[in-house]
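In: 3D model of this:
(one chain, ligands or ions: 3)
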Amino acid sequence: MPIKILLIEDNLGDSRLLEELLNTAYPRKYQINSACTLSDGLNCLGAEEFNVVMTDLTLPDSNGIQAVLKIQEHTQSIPIIVLSGLDNNELALQIVKLGAQDFLIKGQGDGYLIGRAIDYAIERKLHEQKLNYLASYDSLTGLANRTLFWDRLGRALIRAKRNKTLVALLVIDLDRFKTINDTLGHNVGDELLVQVAHRFEHSVRDGDTIARLGGDEFAIIIEDVVVHTDVEKVADKILNIMKSPFGLTTQEVYASSSIGVSLYPTDELKAEELLKYADAAMYCAKKSGQNSYRFYAADINQNLLTELDLEAKLRRAVIKQDFMLYYQPKFNIVTQELIGAEALMRWNHAKDGMISPVVFIPLAEKLGLIDVITDWVIKEACKQNRLWQLEGYQPIRVAINVSPKQFNQKGIAKRILDQIVASNLSPEYVELEITEGALMKDAIKSNEVLNELKNKGIQISIDDFGTGYSSLSYLQKLDLDILKIDQSFVKDILDDADDAEIVSAIIAMAKSLKLDVIAEGVETQAQKNCLVAKGCINAQGYLFGKPVPAEEFPQFFVKKHRCQDKEFVVQF
Ligand code: C2E
Ligand code: CA
Ligand code: CA
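Out: Ligands and ions are numbered 1, 2, ... in the order given. All right, here's what the predicted structure looks like:
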């Protein structure tokens, strides 16, 4: 295929000369189409594809750099070579700075040289486009990247201001993507992101921009919004298209997303603000149950403020150790025997009162404070458990929650063991609760850590079991003791056949893996009976005992071991 050149040149003699030079040097390599005016040239560019355009600067309908600017306005993707009768270095430099690929002086150079200049110009342009692409698009999904996103958002706002229309910004974050990534690996995570991006592309109009802002966060810019409901429709569509499973190479996974929406000019006038607001709305959607969307509202900002406020307070609390532990009993519900206690953290704030771990543990993880906090929890829980033993109560195991963020850290086993040793409690009275995700990330490494802990007699349970993505084969590889059935399944065990089924499956799985199983969040007799019928004999929940401060816990020890005389009735 010949290289197609569009030559814009009003001097026919010059055109012919160029054609001859090229044809002599490289017969049939180039095919030249000529145009005598700039507007003719632009028409040709619109009608046909060319590999390169060569243009004179003095044309009947254009003078100087005008020609270059007009061509670029018409198309960004074609290499431009300027032909000039003037040997003017300054002009040449200006032209190249504008983005033209070369500046040739008429009458200089033979066909070989010109041909080479043309080939180089095409190569340079290709390279430039590749760089541009890399600078503007996300290499994984092919969506716009952050840089291009800001550029497009800026332009969209200018257009909206001019046309008095609305722009909606949607920020979309995948729910529980981290769990998928951690349990199934980055390759699977990446594959999912690509498919998600694909589905997003199908749910918006051609002109709308979809960008990947990073990780599992996406943004969509929707222009020409007329009413609120236009945006609601898009958000609904996105939630909907996520519903069917994603067929990945190794397995099918389900994913949902949380969406935050901000509107220009309703909410704020600057692009940065718009993103911040959409982000805040997205967090709100996530908190209020995932798989939903939220429009930005002024009160969300207030919540953001309190979060910042909370951050400062938490840092102070860690220094001052303003925490305490509550203990919740675990029972064998058939023999009614106390089998252990789970240590649950509380933050007792002077002004705000008791702050839930659901609020501050994720924040502590984010701020890198979780290690210090866990050290404290282990030390405190072990100290308390030893105290109970010294007071003559029956020995029980105390369970401590280890954040998944920590479990994959180097030296974690030693760090945990150091705290236990320092407390003088025998490690066989310690149990660690770890969520699936943390263990599945790297089974071999997890096993090394687990073995180190288990060699000392520490028991390991998988917390919130059933909510992650563990496969049986993975579980088999891990040296574990207990599966803890997540409370969400227990909650609906009576009215949701699926949940009842899952509980049965977990119990069967535990049995085949020779693991103990315990149900958490048991609140009613009916739930308890159902669990026993399915073969689960260990349980924890409000029905048997709420988490209480250490001094109230002895009520749960059996009477003969009890120091105090107070009579408590635990319901079975
Ligand atoms: P988790 O490990 O799943 O702990 C069980 C949570 O369920 C506790 O909430 C407990 O109070 C609650 N619960 C127990 N029985 C029932 C029941 O019958 N009904 C209902 N509705 N809830 C019940 P809590 O204490 O608010 O802790 C929440 C989460 O915070 C824990 O979930 C755990 O993930 C985290 N957490 C608590 N303490 C620590 C800690 O010391 N370290 C770390 N890393 N995380 C902690
Ligand atoms: Ca737990
Ligand atoms: Ca749990």
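In: touching stretch 184-193 from outside, list them.
Out: With C-beta atoms under 8 Å, 6 or more residues apart in numbering as the test, stretch 184-193 has contacts from 140-141, 174, 177, 180-181, 212, 216, 246, 248-251, 253, 255, 440, 469. C-beta: built from backbone N, CA, C; applies to glycine.
In: what comes up buried for that stretch?
Out: Residues of stretch 184-193 classed as buried under the neighbour-count rule (16 or more other C-beta atoms under 10 Å) are Leu184, Val188, Gly189, Glu191, Leu192, Leu193.
In: what's the mean pLDDT across it?
Out: Mean pLDDT, computed over stretch 184-193, is 92.
In: could I get the buried residues of stretch 184-193 as CSV with distance to ligand 2 and secondary structure?
Out: Formatted as CSV, the buried residues of stretch 184-193 follow (distance: C-beta to the ion, whole Å; DSSP: H, G, I helix; E, B strand; the rest coil):
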residue, distance to ligand 2, secondary structure
Leu184, 23, helix
Val188, 27, helix
Gly189, 26, helix
Glu191, 31, helix
Leu192, 28, helix
Leu193, 30, helix
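In: nearest to Leu98, out of those: which one, please.
Out: Relative to Leu98, the closest of the buried residues of stretch 184-193 is Leu193; by C-beta to C-beta it sits at 37.6 Å.
In: roughly how far does the closest one sit from Arg386?
Out: Leu193 sits 48 Å away from Arg386, taking C-beta to C-beta, to the nearest Å as the criterion.
In: cool, Val261 as well?
Out: Counting by C-beta to C-beta, the gap from Val261 to Arg386 is 53 Å.
In: which of those two has more neighbours?
Out: Val261 (26 against 17; other C-beta atoms under 10 Å).
In: wait, a strand at the more buried one?
Out: Yes: the assignment for Val261 (DSSP: H, G, I helix; E, B strand; the rest coil) places it in a strand.
In: what residue ranges in this structure are flagged as low confidence?
Out: Low-confidence segments of the chain, defined by pLDDT under 70: 267-268, 298-305, 469-472, 559-572.
In: ligand 2 contacts on that one?
Out: Residues of the chain lying near ligand 2 by C-beta under 5 Å from the ion: Asn401, Glu433, Asp463.
In: isn't the first one up against Asp463?
Out: Yes: checked against C-beta atoms under 8 Å, the pair Asn401 and Asp463 is within contact range at 6.8 Å.
In: okay, those two: which has more neighbours?
Out: Legend: neighbour count by other C-beta under 10 Å for Asn401 and Asp463, higher for Asp463 (22 against 19).
In: what helices or strands is the longest helix seen in the chain leaning on?
Out: Using DSSP state H, we find that the single longest helix of the chain is helix 111-136. On a contact count with 3 or more C-beta pairs under 8 Å, 6 or more residues apart in numbering; DSSP states H and E, helix 111-136 meets strand 3-8, helix 12-25, strand 52-56, strand 80-84, strand 102-105, helix 146-163.
In: tabulate the ones you listed (JSON lines), appending distance to ligand 3.
Out: Converted to JSON lines, these look like this (distance: least, C-beta to the ion, whole Å):
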{"stretch": "strand 3-8", "distance to ligand 3": "67"}
{"stretch": "helix 12-25", "distance to ligand 3": "76"}
{"stretch": "strand 52-56", "distance to ligand 3": "66"}
{"stretch": "strand 80-84", "distance to ligand 3": "65"}
{"stretch": "strand 102-105", "distance to ligand 3": "67"}
{"stretch": "helix 146-163", "distance to ligand 3": "36"}
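In: give me the phi and psi for the nearest residue to Val318 once chain neighbours are set aside.
Out: Leaving out its chain neighbours, the residue that sits closest to Val318 by C-beta to C-beta, 6 or more residues apart in numbering is Leu369, at 5.2 Å. In this entry, Leu369 is assigned phi and psi values of phi -100, psi 0 (degrees, to the nearest 10).
In: likewise Thr435?
Out: According to degrees, to the nearest 10, Thr435 has phi -80, psi 160.
In: for the residue in the stretch 251-400 of the chain positioned nearest to ligand 2, give the beta-bridge partners.
Out: Per C-beta to the ion, Glu342 is where the stretch 251-400 of the chain lies closest to ligand 2, at 5.7 Å. According to DSSP bridges, Gln328, Ala399 are recorded as the beta-bridge partners of Glu342.
In: could you report the neighbour count for it?
Out: With other C-beta under 10 Å as criterion, Glu342 counts 25.
In: what does Asn240 give?
Out: When neighbours are counted by other C-beta under 10 Å, Asn240 registers 11.
In: ditto for Arg28
Out: 7.
In: the one 3 residues further on too?
Out: Close neighbours of Gln31, defined as other C-beta under 10 Å, add up to 15.
In: tell me the buried residues in stretch 1-15?
Out: Ile3, Ile5, Leu6, Leu7, Ile8, Glu9, Asp10, Asp14, Ser15.
In: ok, so of those residues, who is nearest ligand 2?
Out: Closest approach to ligand 2 among those (C-beta to the ion): Ile3, at 68.5 Å.
In: quick one: contacts for the closest one?
Out: Counting by C-beta under 8 Å, 6+ apart, Ile3 touches Lys29, Tyr30, Gln31, Asn51, Val52, Ile118, Asp119, Ile122.
In: put the buried members of these into a PyMOL selection.
Out: Of the contacts of Ile3, the buried ones go into a single PyMOL selection, burial set by 16+ other C-beta under 10 Å:
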select buried, resi 30+51+52+118+119+122
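In: mind putting the contacts of Ile3 into a markdown table with distance to Tyr327?
Out: Below are the contacts of Ile3 laid out as a markdown table (distance: C-beta to C-beta, whole Å):
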| residue | distance to Tyr327 |
| --- | --- |
| Lys29 | 84 |
| Tyr30 | 85 |
| Gln31 | 85 |
| Asn51 | 76 |
| Val52 | 78 |
| Ile118 | 80 |
| Asp119 | 78 |
| Ile122 | 74 |
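In: ok now the stretch of helix or strand Gln419 belongs to, how far from the chain's centre?
Out: If you go by DSSP states H and E, Gln419 is part of helix 412-423. Remark: helix 412-423 is offset 33 Å from the chain centroid, using C-alpha atoms, centre = their mean, to the nearest Å.
In: same check, this time on stretch 257-274
Out: The answer for stretch 257-274 is 20 Å, by C-alpha atoms, centre = their mean.
In: that stretch spans what distance, first to last residue?
Out: By C-alpha to C-alpha, to the nearest Å, the extent of stretch 257-274 from end to end equals 20 Å.
In: what sits closest to the one residue in the stretch 101-250 of the chain that gets nearest to ligand 3 if chain neighbours are left out?
Out: Ligand 3 sits closest to Thr179 of the stretch 101-250 of the chain, with a gap of 14.4 Å, by C-beta to the ion. Closest residue to Thr179 apart from its sequence neighbours, by C-beta to C-beta, 6+ apart: Gly437 at 4.8 Å.
In: separation between the one you found and ligand 1?
Out: When distance is defined by C-beta to the nearest ligand atom, to the nearest Å, Gly437 is 12 Å away from ligand 1.
In: the helix or strand hosting that residue packs against which elements?
Out: Using DSSP H and E, Gly437 falls within helix 436-440. Contacting helix 436-440 under the criterion 3+ C-beta pairs under 8 Å, 6+ apart are the following elements: helix 177-184, helix 404-407, helix 443-454, strand 459-465.
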